[in-house]
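**Q** quick one: sequence and predicted model below, then my questions.
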Amino acid sequence: METNLKILVLGAGLAGIGAATKLLSLGFKDVTIIEASGLAGGRIAKECLGKSWVDTGAQYIHGASEANPVFCLMRQHGLLGDVVTEEGTDLVFHSKGRRISGDLAGRVYEAGEGIIRQPHKGNPGKNIGDYYAEKSLDLAKSWKSSSEDKDDVLSILSLVGKSLMIDIGAPALSSVSLDSWQYYTNMGEDLDIGGKMFNVTEKLLVDFPKERLLLNRPVIKINWNGSFCGDAGRLYPVCIECENGEKFLCDHVVVTISLGCLKAAPTTMFNPQLPEDKREALDKLGFGCVNKIILQYEEAFWERDAGSISLLWEDETPASLSTDATQWQKNIQLFTVMRPREKFGNVLIGWCSGNVAQHVETMTEAELSAAITSNFRKFMGNPNIPCPKTVLCTKWHGKAFIRGAYAYIPVGVDGVIMDTLARPLSSMKSSTEDLQVLFAGEATMKNLYGTVQGALLSGHREADRISQHYGRTAPSSTPCSSSAAT
Ligand SMILES: Cc1cc2nc3c(=O)[nH]c(=O)nc-3n(C[C@H](O)[C@H](O)[C@H](O)COP(=O)(O)OP(=O)(O)OC[C@H]3O[C@@H](n4cnc5c(N)ncnc54)[C@H](O)[C@@H]3O)c2cc1C
């Protein structure tokens, strides 16, 4: 077995941190993370708002169960103690200035979710948008209630579609494959841990040697299939070039940079170029966008037990859903309340996705504040609702080293293409598999893409791959089993 192996990990998001920390735990000594930005965490990020931190990226544990290593890690470190687990009241208002009955909203929402969240398979070429429009119109028609309610039913069903768009980030539901979740592992109920997710990065890195996390080093070239001469004439197959001119040689590089960044530079970053099937996978997979508009108020204008505020537009139907930037106001209609109030103060998070998420990045805080306040006043029938004292809009599309939110599977594409993205590259000069370039990151996980645990487990998967290559057995190094990393 080799003892002086050099391993580089590109990117200090959860995939990179997962790969690097697991490699160390497997006994590999020379493991270095190279990160483009000035901070570790990637799409797990925080900003200070008033008296507390808020998560600007991931904030939900998708599947708060033993199966989820992120949930287990948080629990192991006692970080879930003050998380509010009771569902707050969902306040729903109509554009005509009236409140929708919570009972009706709850029942329709549940029925809509029952349609839209079902996993499907065997529908190549079909999209979620058409499917949901058809099924939800049938549901609305057969809804046993007064005629006034029927219009509200359609509007609530539209809201369900909008919520899914936030979970996907795509420009429209009609661009997303109906079979998107055929391979997905459902780990259980979601848990909102807003204001705590960033702890995951800190806890995972606590024992990682500081000098082995190199920040502010954007990698511009990955030269592989080579023979690069290092110290004492030792030859390495891979040479990484950074923007600042630094070069790093290694035996293996684990590339964890986002799908958005890989899509933007598929032909310039790799030398030799990526194989055809990988370029095709990059081209076909979608990388959506989601942004949060975080609003801090002097006083709350919502009820103390509120968990969310939703705004229903009367002319919207499930068939008309899109994220057309000209209709951006209609696409900022779901606001979650940061709880507990004692910790966060009076803070709402407005969510938007797709083209609207990109559009809001071009707006000023004053423009967002004015439009959102005017809508709250109109929908809630209260002209005295104040403007927020602080507006913080995330800009995930504009972040040069992220370029969006997460991967999605476009219509006509099968999720197995993510396996192609995950496949490592070996020497083209010999038939021996030597795993020169390996790939991790949420977009390489067809069973958990778009999630924090998916990113972490993809890093573990590549660490295990290297370990198995050298005949090492992997001790269990995570708080929970990582068997979902398939
Ligand atoms: C707004 C938003 C909300 C989300 N909400 C949730 C949620 O509630 N729950 C959930 O589970 N998931 C959520 N996600 C998704 C989750 O955050 C991601 O799936 C996960 O964090 C991705 O981790 P990663 O390591 O694959 O990629 P990243 O976090 O993107 O890490 C990649 C790293 O590579 C670095 N990099 C890029 N280019 C280079 C380069 N050229 N050289 C060197 N380094 C480079 C980047 O700076 C970055 O640090 C959300 C994401 C966003 C944006």
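**A** Happy to help now that I have it.

**Q** and the helix or strand bottoming out on mean pLDDT in the chain, what's buried?
**A** Least confident helix or strand, the chain: helix 147-168 with a mean of 89, by mean pLDDT, DSSP states H and E. Using 16 or more other C-beta atoms under 10 Å as the test for burial, helix 147-168 gives 149, 152-168. Using the backbone N, CA and C atoms, a C-beta is placed for each residue, glycine as well.

**Q** quick one: distance of that helix to the chain centre.
**A** Taking C-alpha atoms, centre = their mean, to the nearest Å, the mean C-alpha location of helix 147-168 is offset from the chain mean by 23 Å.

**Q** who's in contact with whichever helix or strand comes after that helix?
**A** As assigned by DSSP states H and E, the chain's next helix or strand after helix 147-168 is strand 190-192. For strand 190-192, contacts defined as C-beta atoms under 8 Å, 6 or more residues apart in numbering pick out Q59, Y60, I61, H62, G63, A64, F71, L80, V83, V84, T85, T336.

**Q** what do you get for stretch 118-136?
**A** Counting by C-beta under 8 Å, 6+ apart, 112, 115-116, 154, 157, 160-161, 164, 172-182, 184, 317-319, 321, 411-412, 414 sit against stretch 118-136.

**Q** what subset of these is buried?
**A** Here, 16+ other C-beta under 10 Å leaves 112, 115-116, 154, 157, 160-161, 164, 172-182, 184, 317-319, 321, 411, 414 buried among those.

**Q** give me the neighbour count for E280.
**A** Applying other C-beta atoms under 10 Å, we find 15 residues neighbouring E280.

**Q** how far away is T326 from N355?
**A** Shown here: T326 relative to N355, a distance of 9 Å by C-beta to C-beta, to the nearest Å.

**Q** more crowded one of these two?
**A** N355 (21 against 9).

**Q** and the more buried one, that's in a strand?
**A** No: assessed with DSSP: H, G, I helix; E, B strand; the rest coil, N355 is helix; it does not lie in a strand.

**Q** that one contacts Q327, doesn't it?
**A** No: counting by C-beta atoms under 8 Å, N355 does not reach Q327; the two are 9.4 Å apart.

**Q** domains in this structure, by residue range?
**A** The chain breaks down into these domains under automatic domain parsing: 6-44+195-284+411-469, 84-192+290-393.

**Q** now do K135, the pLDDT please.
**A** K135 is assigned 95 on the pLDDT scale.

**Q** which strand or helix spans it?
**A** Short version: K135 belongs to helix 128-141, going by DSSP H and E.

**Q** now that helix against helix 147-168, angle please.
**A** Interaxial angle, helix 128-141 versus helix 147-168 (axes from the mean of the first three to the mean of the last three C-alpha atoms, to 10 degrees): 160 degrees.

**Q** pull out the buried positions in helix 128-141.
**A** For helix 128-141, a neighbour-count test (16+ other C-beta under 10 Å) marks I128, G129, Y131, Y132, A133, K135, S136, L139, A140 as buried.

**Q** for the ligand, what are the nearby residues on the stretch 251-400 of the chain?
**A** For the stretch 251-400 of the chain, the contact set with the ligand under C-beta under 6 Å from any ligand atom comprises T256, I257, S258, C261, V290, K292, W396.

**Q** okay if I get the residues you listed as a markdown table plus neighbour count?
**A** A markdown table is the format used below for these (neighbours: other C-beta atoms under 10 Å):
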| residue | neighbour count |
| --- | --- |
| T256 | 31 |
| I257 | 27 |
| S258 | 27 |
| C261 | 23 |
| V290 | 25 |
| K292 | 24 |
| W396 | 25 |
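
**Q** let's see which of those residues end up in strands.
**A** Using DSSP state E, the members of those that fall in strands are V290, K292.

**Q** so how far is the ligand from the nearest residue to P171 once chain neighbours are set aside?
**A** Of all residues not flanking P171 in the chain, G354 sits nearest, at 4.2 Å (C-beta to C-beta, 6 or more residues apart in numbering). Distance, G354 to the ligand, by C-beta to the nearest ligand atom, to the nearest Å: 13 Å.

**Q** likewise S310?
**A** In this view, S310 and the ligand are 18 Å apart by C-beta to the nearest ligand atom.

**Q** list the contacts for that residue?
**A** With C-beta under 8 Å, 6+ apart, S310 has these contacts: D90, L91, V92, F93, A105, L159, Q333, L334, F335.

**Q** how many neighbours does the nearest residue to it once chain neighbours are set aside have?
**A** With C-beta to C-beta, 6+ apart as the criterion, S310 has its nearest non-adjacent residue at 4.7 Å, and that residue is V92. Using other C-beta under 10 Å, the number of residues around V92 comes to 25.
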